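Trainee: just coords:
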């Protein structure tokens, strides 16, 4: 990258993630339909913190950087339309890796008919990619916010829960080259979360009211909804049982699969509340009731055993 | 920051840069006027690369992170309305520094009636702040793009040129505590560039066609316009003469002030082309003519002496 220089590096990104909107001081996005509103969210991936560069290819890193940001746009019931990326990378980063990163972003963007409309690249000791996602939300219905869950609603989910954490544990325990074939989907959930585009749009269109994505852990993310909405959310144990593969992975890692399910996060599975039948792609995993006591989220009515969730910081020193 | 934890750190940012749009998976911005388009740009500041943490207070870092991004929005002729910030910081960063950073961002945002509508915070070895700015542009006039300069137009500028580079050189030479009083405005130009809000809007309203900001160096930035527009841009030496203070700073630093003026960058001064009188706050510094030969930018008709510009990467090893 250092030898290629900034100009050639930016050109390489443009070739691999093309957009006619890119290349000026800022990108101008098309005039939206009347009553459209713009939706914006940002999330960074830092080497050594959010990913292990020995396990994560540049291509998958690019995909994941888009996926996790578009999940936040989808979690509002909005449609992702564009992204910008601020990339900081060590001078020795091969240009081919930057190209792979751009191709990964572009592949995921294309799933949504979206484009990389701008960016920034700079040299830094630690590889960091900060993506900002831009979406549109139209029509009269409100966006699907954390504070809109209501007693009597079902809790519904689209996607797997606990798989990304299981994949991380397997990578830590066995390394990337020794994953049993029947468990590779768990590793893939960690390295390249598989989200079906536009399920958030569908959820809003079919009457869901609150939504978030499972990024920090099931209990943590549902606590955000329950607290903002002043409700109790009860999860049905039967609906989130570990699959045989998840149970096997837990055996290998000498851990309890329920820790992954309840506090793993990083699945970016959409979690919504609705009074209607589950939207296409969603299944019922719990229900919303009136706030009772100080427990925002329960499991079959009980206090959940794992509730810490993914941490952006190291644990504070315990005394 | 590590002891405060993620939750308290985010809360501290929210107290110091408040917005009712913040706090959900993504921020929903108000429905714009008909024919409004959204404008988006991103730029990161990396410790040790874009700023020296020994010279730059967290408050000024926050201000500059907003200023440099809003300059890109203004350079399209658009109105900045919001920003999101992805912050990566070492665990030992004091919470007070995060608060100062948020206050700095908020002070600059408030100059534009804009708000910090979202963000992300994570632990990382190197302090990095990646801001994405969001703006609106309305009406029938096109945005002010790089490719819209035309022969016969004036080149106009709003703001100082070379001051930020002079400030950096003074800080390197003398340290932050030994700057002569009559040169402190140069240091301020480096640490806290002083842009008057909405000059970009005014330039578009009064008929400017192309615009950019002086971020990478005058020659580099004008070359971007000249190349995209297929024109020659000629700078008038008389219009960009070093001030007595700039000349004195150059004496102190044993350098040629013209290097700062022509290749310094980081001033974020708006550079525009127009056939009309200079818009309010702008002055004439050159003119646009037909493309001739291979020289996109000239100074009084000659090849400019300093044309390298600010570099995001280290210089490649010379052989």
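Mentor: Yes, it's here. This structure is a prediction, so every number in the text was calculated from the model and none was measured.
Trainee: need the strands for the stretch 101-250 of chain A, in chain order.
Mentor: In the stretch 101-250 of chain A, the strands defined using DSSP state E, counting those that start in this stretch lie at A:115-123, A:128-137, A:154-158, A:210-213, A:231-235.
Trainee: among the ones you listed, which comes closest to residue B:9?
Mentor: For the strands of the stretch 101-250 of chain A, the distance to residue B:9 is smallest for strand A:128-137, at 17.0 Å, taking Cβ to Cβ. Backbone N, C-alpha and C define where each C-beta goes, glycine included.
Trainee: residues near residue A:55, how many?
Mentor: Neighbour count of residue A:55, defined by other Cβ atoms under 10 Å in any protein chain shown: 17.
Trainee: give me phi/psi at it?
Mentor: Comment: the main-chain dihedrals of residue A:55 come out as phi -100, psi -20, following degrees, to the nearest 10.
Trainee: what about it, distance to residue A:31?
Mentor: Separation of residue A:55 from residue A:31 (Cβ to Cβ, to the nearest Å) stands at 43 Å.
Trainee: what parts of the stretch 151-300 of chain A come near chain B?
Mentor: Listed as neighbours of chain B in the stretch 151-300 of chain A under the rule Cβ under 8 Å from any Cβ of the partner chain: A:211, A:212, A:213.
Trainee: what's the end-to-end length of stretch A:165-181?
Mentor: Using Cα to Cα, to the nearest Å, one end of stretch A:165-181 lies 17 Å from the other.
Trainee: list the contacts of it.
Mentor: Outside of stretch A:165-181, the residues that reach it under the criterion Cβ atoms under 8 Å, 6 or more residues apart in numbering or on different chains are A:52, A:54-55, A:183, A:186-191, A:246, A:248-250, A:252-253, A:255, A:257, A:259-260, A:263-267.
Trainee: quick check on these: which are buried?
Mentor: Using 16 or more other Cβ atoms under 10 Å in any protein chain shown as the burial test, those include A:55, A:183, A:186-191, A:246, A:248-250, A:253, A:257, A:259-260, A:263-267 as buried.
Trainee: tell me which of these fall in helices.
Mentor: Taking DSSP state H as the definition of helices, the buried ones among the contacts of stretch A:165-181 contribute A:186-191, A:246, A:248-250, A:257, A:259-260, A:263.
Trainee: next, format those residues as JSON lines and append pLDDT.
Mentor: Supplementary listing: these in JSON lines, determined by pLDDT from 0 to 100:
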{"residue": "A:186", "pLDDT": "98"}
{"residue": "A:187", "pLDDT": "98"}
{"residue": "A:188", "pLDDT": "97"}
{"residue": "A:189", "pLDDT": "97"}
{"residue": "A:190", "pLDDT": "97"}
{"residue": "A:191", "pLDDT": "97"}
{"residue": "A:246", "pLDDT": "98"}
{"residue": "A:248", "pLDDT": "98"}
{"residue": "A:249", "pLDDT": "98"}
{"residue": "A:250", "pLDDT": "97"}
{"residue": "A:257", "pLDDT": "96"}
{"residue": "A:259", "pLDDT": "95"}
{"residue": "A:260", "pLDDT": "96"}
{"residue": "A:263", "pLDDT": "94"}
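Trainee: ok, of those, which one's closest to chain B?
Mentor: For chain B, the closest of those turns out to be residue A:263, at 14.5 Å, with distances computed as Cβ to the nearest Cβ.
Trainee: residue of the stretch 151-300 of chain A with the smallest distance to chain B?
Mentor: Closest approach between the stretch 151-300 of chain A and chain B, counting by Cβ to the nearest Cβ: residue A:212, at 5.5 Å.
Trainee: pLDDT value on that residue, please?
Mentor: pLDDT recorded at residue A:212 is 97.
Trainee: burial count for it?
Mentor: Number of residues near residue A:212 (other Cβ under 10 Å) recorded here: 27.
Trainee: pretty sure it contacts residue A:76?
Mentor: No - look at residue A:212 against residue A:76 with Cβ atoms under 8 Å: they stay out of range, at 9.3 Å.
Trainee: what residues are shared contacts of these two?
Mentor: Shared contacts of residue A:212 and residue A:76, defined by Cβ under 8 Å, 6+ apart, comprise residue B:25.
Trainee: that older thread, in contact with the residue of the stretch 151-300 of chain A closest to chain B, which residues?
Mentor: Listed by Cβ under 8 Å, 6+ apart, the contact partners of residue A:212 are A:75, A:146, A:221, A:222, A:224, A:225, A:270, A:271, B:25.
Trainee: quick check on the residues you listed: which are buried?
Mentor: Among the contacts of residue A:212, those classed as buried by 16+ other Cβ under 10 Å are A:75, A:146, A:221, A:222, A:224, A:225, A:270, A:271, B:25.
Trainee: give me the phi and psi for the closest residue to residue A:118 other than its chain neighbours.
Mentor: The shortest distance from residue A:118 to any residue other than its chain neighbours is 4.2 Å, reached at residue A:84 (Cβ to Cβ, 6 or more residues apart in numbering or on different chains). Dihedral angles phi and psi of residue A:84 (degrees, to the nearest 10) take the values phi -120, psi 150.
Trainee: any idea what residue A:84 is bridged to?
Mentor: Beta bridges link residue A:84 to residue A:118, residue A:132 when assigned by DSSP bridges.
Trainee: just the one 5 residues further on next, same as before
Mentor: When assigned by DSSP bridges, residue A:89 has beta-bridge partners residue A:123.
Trainee: burial check on residue A:61, number of neighbours?
Mentor: By the other Cβ under 10 Å criterion, the neighbourhood of residue A:61 contains 23 residues.
Trainee: residues contacting it?
Mentor: Contact criterion Cβ under 8 Å, 6+ apart gives A:45, A:51, A:101, A:104, A:129 as the residues in contact with residue A:61.
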